[in-house]
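In: build me a model from this:
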Amino acid sequence: VYLGYLFGKITVLRTDGTLRANIPTNSPNGGIAFDGTNIWFVNYNNNTVTKRRASTQVLLGTFSVGSNPQDVAFDGKNIWVTNWDSDNVTKIRPNDGVVLGTFSVGSHPSGITFDGENIWVANTFGNSVSKLRPNDGAVLDTITVGVNPVHLVFDGHNVWVSNFDGTITKIRI
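Out: Predicted coordinates for the structure are as follows:
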């Protein structure tokens, strides 16, 4: 179980809750995703995403993305990263970290999720969520939500959005 960033480290726990490892990082906040084999971490402070083998925590690479990345998601094929200051998302090929594309979304994208068919991005300063087609990054829809949406999750039927104004928005996909 990877907990993400806490005080300049990534904490890895066994499923029984015991500490497995603390991995130092220079970026104390950001998203985390699993691609089936590897863990991907957003490095907000240096505009990169890091790939580590989940089973051993061995560093497999660090790859450049846009400015101040916030979150990361896996769509079953590729890695997607939101870039806060670039107002875009970066699509990465997981086996070698090659950037497959960079796609514009709304203002200051933060959270990201995959619903099995589309990529969803929370545009924090745009008070909206963008729905993207994974094969070409085209924006299919932009939905107005609460004030300053931050995080997204897909429950198998709906996308849920947490908004900084204390509200939750439920989007029927």
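In: so where is the protein shaky, pLDDT-wise?
Out: In the prediction, the chain carries residues with pLDDT under 70 at positions 1-14, 19-20, 23-29.
In: which SS state does the residue most central in space within it fall under?
Out: By C-alpha atoms, centre = their mean, the chain has its centre lying nearest to residue 72, at 1.8 Å. What DSSP: H, G, I helix; E, B strand; the rest coil gives for residue 72 is strand.
In: got it, and the one 10 residues further on?
Out: Residue 82 carries the three-state label strand when classified by three-state DSSP.
In: and it, what does it touch?
Out: For residue 82, the contact set (C-beta atoms under 8 Å, 6 or more residues apart in numbering) comprises 31, 69-72, 89, 105, 109-112, 121-122. Backbone N, C-alpha and C define where each C-beta goes, glycine included.
In: give the contact list for the closest residue to it other than its chain neighbours.
Out: When the adjacent residues along the chain are set aside, residue 82 lies closest to residue 109, with 4.0 Å between them (C-beta to C-beta, 6 or more residues apart in numbering). Contact criterion C-beta under 8 Å, 6+ apart gives 70, 82, 83, 84, 87, 88, 89, 121, 122, 123, 124, 130 as the residues in contact with residue 109.
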